[in-house]
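Visitor: here is my input, please return the structure:
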Amino acid sequence: QGNMAFAGKYEFESDENYDDFVRKIGLPGDKIEMGRNCKIITEVMQNGNDFTWTQHFPGGHTTTNSFTIDKEADMETMGGKKLLNLFLLQAIVKMEDGKMVADFPNYHHTEEVCGEKLIEISTTAGVVYKRTNKRIA
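Guide: Numbers count the residues shown, from 1 in each chain. Sure, this is the predicted structure:
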């Protein structure tokens with residue numbers, strides 16, 4: 001679990017099933033358009049089991065989640081009524097086979113690093129959304 005593989009800076013590269021996924025979790029049409037092929041920059045800082053996960057959106061909006069593996073934390077996620085349709089909820093992030101895993105009320109989410117890519121997979125109601133990010137630092 002002391003793996004530093006996640007630390008780094010990543011840029012959005014591609015995604016699969018975005019529209020189907022965000023419709024299933026209830027994002028309104030204007031937010032779906034805003035997020036489509038959004039060049040998000042993700043920065044991950046890691047100190048042992050403590051993580052700070054920051055996403056920089058075009059236009060200057062940023063979300064930051066800080067959490068410790070296996071401890072409950074407040075997380076800002078897709079699907080709610082806040083800015084850019086993000087919302088705050090409690091989740092426990094676990095480490096399973098080198099992947100970060102979190103269960104949110106409306107979807108299951110995993111993150112893993114494969115070579116120079118950060119792969120994010122979210123699943124809801126049978127729809128699998130995959131976002132691939134390339135390491136830039």
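Visitor: number of residues surrounding Asn49?
Guide: The tally of other residues near Asn49 (other Cβ atoms under 10 Å) stands at 15. Just so you know, the C-beta spots here come from the backbone N, C-alpha and C atoms, and that holds for glycine as well.
Visitor: and the residue most central in space within the chain, helix, strand or coil?
Guide: When Cα atoms, centre = their mean is applied to the chain, the residue found nearest the centroid is Glu120 (6.3 Å). Using DSSP: H, G, I helix; E, B strand; the rest coil, the structure places Glu120 in strand.
Visitor: next one, pLDDT for the closest residue to it other than its chain neighbours please.
Guide: Nearest non-adjacent residue to Glu120, counting by Cβ to Cβ, 6 or more residues apart in numbering: Arg131, 4.4 Å away. What the model reports as pLDDT for Arg131 is 94.
Visitor: with Pro28 instead?
Guide: Value for Pro28, per-residue pLDDT: 81.
Visitor: now do the contacts for Cys38.
Guide: Phe12, Phe57, Pro58 (Cβ atoms under 8 Å, 6 or more residues apart in numbering).
Visitor: OK, contacts around the nearest residue to the second one once chain neighbours are set aside?
Guide: Sequence neighbours aside, Ile40 is the residue nearest to Phe57 in space, at 5.8 Å (criterion: Cβ to Cβ, 6+ apart). Counting by Cβ under 8 Å, 6+ apart, Ile40 makes contact with Glu11, Phe12, Gln55, His56, Phe57, Pro58, Asn133.
Visitor: please apply the same query to Val44.
Guide: Val44 makes contact with Phe6, Ala7, Gly8, Lys9, Tyr10, Phe51, Thr52, Trp53, Thr54, Leu118, according to Cβ under 8 Å, 6+ apart.
Visitor: likewise Phe6?
Guide: Listed by Cβ under 8 Å, 6+ apart, the contact set of Phe6 reads Val44, Gln46, Phe51, Met100, Glu111, Val113, Leu118.
Visitor: in the sheet, who's paired with the fifth one?
Guide: Beta-bridge pairing of Glu111 under DSSP bridges involves Met100, Glu120.
Visitor: could you point out which element follows the lowest-mean-pLDDT helix or strand in the chain?
Guide: In the chain, the helix or strand scored least confidently by mean pLDDT, DSSP states H and E is strand 86-92, which has a mean of 66. Remark: after strand 86-92, the chain's next helix or strand is strand 94-96, criterion DSSP states H and E.
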